[in-house]
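**Q** Sequence first, then the predicted structure:
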Amino acid sequence: IDMMHSMAAPTDLKNISADSISFLITIPYHSSGELHDDCVDWVKDKARSTIKKYKQAGFTVVVVPGAVQVNPLDYSGGMYNQPDVMQGSPEVMQGPPEGIPEGFTGGPPGGMPDIAREMTCSLLTAGGEPGSIPSSILNKVLENYEPVVIELAKIAEEEGAAVFAPMAEPDLKMGSATKASKWSQDMLPKIKEVYSGKLLWRGDFHNAYTSGSKQVDFSGFDIIGFTTLPGGPGAANIPNVIAGNIDALTKWAEEDGVEEVWISEFGISVDSPQSEADKAKSYQEMFEASAGKLDGYLLTDIPYAGPGKQVGWPGTPLKGSTMEPVVEEWFKKMAGTTQTTQVTEEAADIPFWIRNNAGWWAEGQLSDSDFVSGIQWLIANGIIEIPYTEQSTETASGEIPDWIKNNAGWWANGKIPDSAFVSGLQWLISNGIMKVS
């Protein structure tokens, strides 16, 4: 989720000259092969809002679903207070985090509040990558997964995502490149019925250079992507591995009529024995080895909640790291400019579930006071950020103009950008209706 990625803000991405955003949609499955229904509904909503957010900010959007097994989690120390995924008994969250004002539930009566659902669904799959789907339930998982992928492809089409992958690393997930090849070819016509953008075969292929022959039929896809994760014992061999993988995959792409080859995952684990200087060197070597040979790069910004508060696969956040200036330098070279791309005003990075509350407020299901107190709490706790606004020192009448409520409803339905919703909040602050400390 956005709050756990270091580079989620559009401004940060533009400052390093990134022009695309790729996000993984984790679809949780149980050991029975059934999907987690609550979370499946949530990921569809989350996918739509995420595509909208980054499309509005001017980015090319790449959508990548992936099947990840539900993990047992122990919340006893607080959701973000675990050094890593704990192996305790799973517990269902009973509501939103402590401190949210009464009346600002974040969800419809009788259902799991959206903030609880968002955090639960994210944490249920924390640490769930990498790993294959157990062979005993593979067919059941795929049977349940396929209609969800079709729905996500429809959403990608409706919202204008430029690239869609049926599954992240299906060769790894299915434990067999040939199984993944057949499944992907079976899915191809179904996806093309509802999606007209480019299709990415986002494979593992980290050791493609060792393969004697091609085991996957890439026909009908537009892009082949491969994974490179430096930082282990073979870190010193990065240039040779990347060069070898590019040669192998370029050859396979030519054989099957695929036009592009990307590095579709490159990142470093916090468990890596490399020094900070060596991590930066790995990125430098990756760019040097692939310069002029690839059509795209998707660099991984692993979910991370802060020092001592690890959530998910242990990754190194890109922002503020020794790797960030290396990425910025190379991305600017690719963009053909040495000027930092700035946005004139950064819209607030607003979590998805707030849209529901704005919609219910616009429809009269939340009172003005509940909505205002809820927004005040969210701002005070840093969940949404509002550009500096001069606050009125006068006593306000407390009456909220209709245009602000209309804006909230339109924003909830995706008809206006985040910045328009934020302007309404700024008006409430500047006119003394909403106090922010």
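**A** Thanks, I have it.

**Q** which stretches of the chain form helices?
**A** According to DSSP state H, the chain carries its helices in the segments 10-15, 37-56, 114-124, 138-159, 170-173, 177-192, 238-256, 276-290, 324-335, 353-362, 368-380, 402-412, 418-430.

**Q** and among these, the most buried is which?
**A** For the helices of the chain, the largest average neighbour count (mean count of other C-beta atoms under 10 Å) is found in helix 170-173, namely a mean of 24. C-beta here means a position set from N, CA and C on the backbone, and glycine is covered the same way.

**Q** tell me the mean pLDDT over that one?
**A** Averaging pLDDT along helix 170-173 gives 93.

**Q** again, but for stretch 223-232
**A** The average of the pLDDT scores along stretch 223-232 is 76.

**Q** Nearest to residue 217, out of the helices of the chain?
**A** helix 177-192 (5.0 Å; C-beta to C-beta).

**Q** Just want the angle from that closest one to helix 138-159.
**A** Relative orientation of helix 177-192 versus helix 138-159 (axes from the mean of the first three to the mean of the last three C-alpha atoms, to 10 degrees): 40 degrees.

**Q** And the contacts of helix 177-192?
**A** Contacts with helix 177-192, where a contact means C-beta atoms under 8 Å, 6 or more residues apart in numbering, come from 138, 142, 146, 149-150, 153, 164, 166-167, 170-171, 173-174, 199, 201, 203, 215-217, 219-221.

**Q** related to what we said a few turns ago, format the helices of the chain as JSON lines; extra columns: distance to residue 297.
**A** Written out in JSON lines, the entries for those read as follows (distance: least, C-beta to C-beta, whole Å):
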{"stretch": "helix 10-15", "distance to residue 297": "13"}
{"stretch": "helix 37-56", "distance to residue 297": "17"}
{"stretch": "helix 114-124", "distance to residue 297": "25"}
{"stretch": "helix 138-159", "distance to residue 297": "21"}
{"stretch": "helix 170-173", "distance to residue 297": "20"}
{"stretch": "helix 177-192", "distance to residue 297": "22"}
{"stretch": "helix 238-256", "distance to residue 297": "11"}
{"stretch": "helix 276-290", "distance to residue 297": "8"}
{"stretch": "helix 324-335", "distance to residue 297": "8"}
{"stretch": "helix 353-362", "distance to residue 297": "31"}
{"stretch": "helix 368-380", "distance to residue 297": "34"}
{"stretch": "helix 402-412", "distance to residue 297": "33"}
{"stretch": "helix 418-430", "distance to residue 297": "27"}
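
**Q** Confidence-wise, which of those helices is weakest overall?
**A** helix 114-124 (a mean of 59).

**Q** circling back to that earlier point, for residue 299, find the nearest of the helices of the chain.
**A** With distances scored as C-beta to C-beta, the stretch of the helices of the chain nearest to residue 299 is helix 324-335 (6.2 Å).

**Q** got the angle between that closest one and helix 276-290?
**A** In terms of direction (the same axes, to 10 degrees), helix 324-335 departs from helix 276-290 by 20 degrees.

**Q** Using CSV, write out every CA atom in helix 324-335.
**A** Listed in CSV are the C-alpha atoms of helix 324-335, where the atom choice follows Å, rounded to 0.1, in the frame of the first residue of the first chain:
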residue,chain,number,x,y,z
GLU,A,324,18.7,6.7,-5.7
PRO,A,325,21.3,9.1,-7.3
VAL,A,326,22.5,6.3,-9.6
VAL,A,327,18.9,5.6,-10.8
GLU,A,328,18.3,9.4,-11.2
GLU,A,329,21.5,9.8,-13.3
TRP,A,330,20.7,7.0,-15.6
PHE,A,331,17.0,7.8,-16.0
LYS,A,332,17.9,11.4,-16.9
LYS,A,333,20.3,10.1,-19.5
MET,A,334,17.5,8.0,-21.0
ALA,A,335,15.1,11.0,-20.9
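
**Q** got the domain boundaries for this structure?
**A** Segmentation of the chain into domains, based on automatic domain parsing, reads 2-71+125-335, 353-430.

**Q** re the thing from before, so for residue 207, which of the helices of the chain sits nearest?
**A** With C-beta to C-beta as the measure, helix 238-256 is the member of the helices of the chain nearest residue 207 (7.7 Å).

**Q** Now do the closest one: which elements does it pack against?
**A** The elements that helix 238-256 packs onto, with contact taken as 3 or more C-beta pairs under 8 Å, 6 or more residues apart in numbering; DSSP states H and E, are strand 223-228, strand 260-266, helix 276-290.

**Q** just the angle between the longest one and strand 260-266, please?
**A** This points to helix 276-290. Comparing the axes of helix 276-290 and strand 260-266 via the same axes, to 10 degrees yields an angle of 170 degrees.

**Q** list the contacts for the nearest residue in space to residue 283 that is not next to it in sequence?
**A** The spatially closest residue to residue 283, leaving aside those adjacent along the chain, is residue 326, at 4.4 Å (C-beta to C-beta, 6 or more residues apart in numbering). By C-beta under 8 Å, 6+ apart, the contact list for residue 326 reads 280, 283-284, 287.

**Q** Quick check: the two most widely separated of those?
**A** With C-beta to C-beta as the measure, no two of the contacts of residue 326 lie farther apart than 280 and 287, at 11.1 Å.

**Q** if I look at residue 247, how far off is residue 212?
**A** Applying C-beta to C-beta, to the nearest Å, the value for residue 247 to residue 212 is 14 Å.

**Q** Is it possible to get a markdown table of the contacts of residue 326 that adds distance to residue 11?
**A** Putting those into a markdown table (distance: C-beta to C-beta, whole Å) gives the following:
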| residue | distance to residue 11 |
| --- | --- |
| 280 | 22 |
| 283 | 21 |
| 284 | 25 |
| 287 | 23 |
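
**Q** Would you mind measuring from residue 298 to residue 147?
**A** Residue 298 sits 26 Å away from residue 147, going by C-beta to C-beta.

**Q** Next, residue 33: phi, psi?
**A** According to degrees, to the nearest 10, the main-chain angles of residue 33 amount to phi 100, psi -10.

**Q** for residue 415, same thing?
**A** Torsion angles, degrees, to the nearest 10, at residue 415: phi -90, psi -20.

**Q** List the contacts of it.
**A** Residue 415 neighbours (C-beta under 8 Å, 6+ apart): none.

**Q** shift numbering so it begins at 31
**A** Will do, 31 is the new start, and the previous item becomes residue 445.

**Q** Quick check, pLDDT for it.
**A** Model confidence at residue 445 (pLDDT) stands at 71.
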